[in-house]
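>>> The sequence and its predicted three-dimensional model are supplied below.
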Amino acid sequence: MSAEVFISYASEDRSRILDLVERLRKADVSVWIDQMGIEGATMWTQEIVEAIDNCKVLILAISPSSTESENVVKELALASERRKKILPVCLESSGIPKSMEYQLAGIQRVDYFLNQEDQAVQAMIRSLGKLGVAVNDEASDQAAKAPGFISHGSSHLKDAGAKKTKASWGKVSFLVAGVVMLVLCMFLLGSGSLKINLKEPSLSQAEKIALNETKRMKNPVTLNTNRVVVLPFKTIGTSSRSDDLGYGLVSTLTSKLQPLQNLVIIANESARKFKDSELSPKEIGQVLQVGTIVTGEIQTSEEKVQVNIRVIDANTEALGWGSTFMKSKNDFLDLQNEIATKLASELKGQL
């Protein structure tokens, strides 16, 4: 039976992770970890990839050691690409690193600090249960009774929604009343002009991320060219399958580059947000914190397909390598593998 939880960690944190695994297994949580520690492996094994494929939740153990681990970043990217649910667990109070900030935006984390493990495990068990992971009844009941637990039953949601709506209307009514009183006062004082400054509404999580990205682009940093993203290729042609060809090519290139040593490949889900984007390579690089961008176009006719591919340095926007490939549509799968092999060879030569 496949494990429902995959734990991604650095070997320096092994003793603490093994303690966490023991606690979770006491709750009958099915857990998979690499007992050797990912840093001790000489290559990213197929066993690890299959474990991520089969899990429901990836627990990301965040520490100064794991944030510097290329393999931990790869595992996070792979889980994100496969739309796995991610539960960040901070082993220290260092917070979310910039290398993982984009993929973990909006996801609540659990603080698994020293001498606070019992409370943190209860929070993890509650979170895992909500994410569909099987937990035994006794552990689930204990977690539910732990301090700080909030029921999420249907009646609670309705009551909470009603209270929130009522509170919101109360705030609106108070604001309107204040504006009316201000207008009356200004009118009675005979003011010839009226200026009202209303407090700006609070920003949503998405707006905060966009704001941070804008600030980052105003203060660009030197980007690591070992961090690579394959952007969606622009499709040119009348065939209804052109978009499918583009998605298939990008997916193949990303998967083929993933196992390369010393490279960090950004997940398709993150890259897809920049389809038809008007941002420059330098701006995209700053947002995703990547120094190498792979992009291009796919042109189709009734029988032929042509792929133009380019590798761009996001720091300088200089073209590092580019080429054109052409085959019949029936041979497109072979063409994808040919392009992926050539791209991998060029990247290993440049980086």
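Nice, thanks for sending it over.
>>> L91: how many residues sit nearby?
22 (other CB atoms under 10 Å). To be clear about C-beta, it is placed using only N, CA and C from the backbone, and glycine gets the same treatment.
>>> And it, its phi and psi?
The main-chain torsion angles of L91 are listed as degrees, to the nearest 10 and equal phi -80, psi -20.
>>> Let me know the secondary structure of V307.
Using DSSP: H, G, I helix; E, B strand; the rest coil, the three-state assignment for V307 comes out as strand.
>>> so how far is E47 from it?
33 Å (CB to CB, to the nearest Å).
>>> Out of these two, name the residue with the larger neighbour count.
Each of V307 and E47 has its neighbours counted (other CB under 10 Å); V307 has more, 23 against 10.
>>> First-to-last residue distance for stretch 119-139?
13 Å (CA to CA, to the nearest Å).
>>> pLDDT on that stretch, on average?
Computed over stretch 119-139, the mean pLDDT rounds to 92.
>>> Mind listing residues that contact it?
Contact with stretch 119-139 is made by 4-5, 20, 23-24, 26-30, 56-57, 59, 85, 87, 89, 108, 110-113, 140, 142-144, 146-149, 152, as judged by CB atoms under 8 Å, 6 or more residues apart in numbering.
>>> Tell me the spacing between the residue nearest to the spatial centre of the chain and A267.
With the centre of the chain defined as its mean C-alpha position, the nearest residue by CA atoms, centre = their mean is Q103, 1.6 Å away. If you measure Q103 against A267 using CB to CB, the figure is 7 Å.
>>> cool, and K348?
With distances defined as CB to CB, the gap from K348 to A267 amounts to 21 Å.
>>> and if you look at K145?
According to CB to CB, K145 stands 38 Å off from A267.
>>> which one of these two has more residues nearby?
Just comparing K145 and A267: by other CB under 10 Å the higher neighbour count belongs to A267, 21 against 9.
>>> Pretty sure that one sits against K74.
No: under the contact definition of CB atoms under 8 Å, A267 does not touch K74, with a separation of 9.9 Å.
>>> Report the spatially closest residue to I86, excluding sequence-adjacent ones.
With CB to CB, 6 or more residues apart in numbering as the measure, L58 is the residue that lies nearest to I86, at 5.2 Å, once sequence neighbours are left out.
>>> which residues sit against the helix or strand that contains the one you found?
Here L58 sits within strand 57-62, counting by DSSP states H and E. Outside strand 57-62, the residues that touch it by CB under 8 Å, 6+ apart are 4-10, 13, 16-17, 20, 52, 66, 72, 75-76, 79, 84-92, 94, 96-97, 100, 104, 109, 112, 124, 128, 131-133.
>>> One more pass at 6 Å, please.
Counting contacts by CB atoms under 6 Å, 6 or more residues apart in numbering, the residues outside strand 57-62 that touch it are 5-9, 13, 17, 76, 79, 84-91, 131, 133.
>>> Let me see the ranges of the helices in the stretch 201-350 of the chain.
For the stretch 201-350 of the chain, helices defined by DSSP state H, counting those that start in this stretch occupy the ranges 205-218, 242-257, 268-272, 281-288, 332-350.
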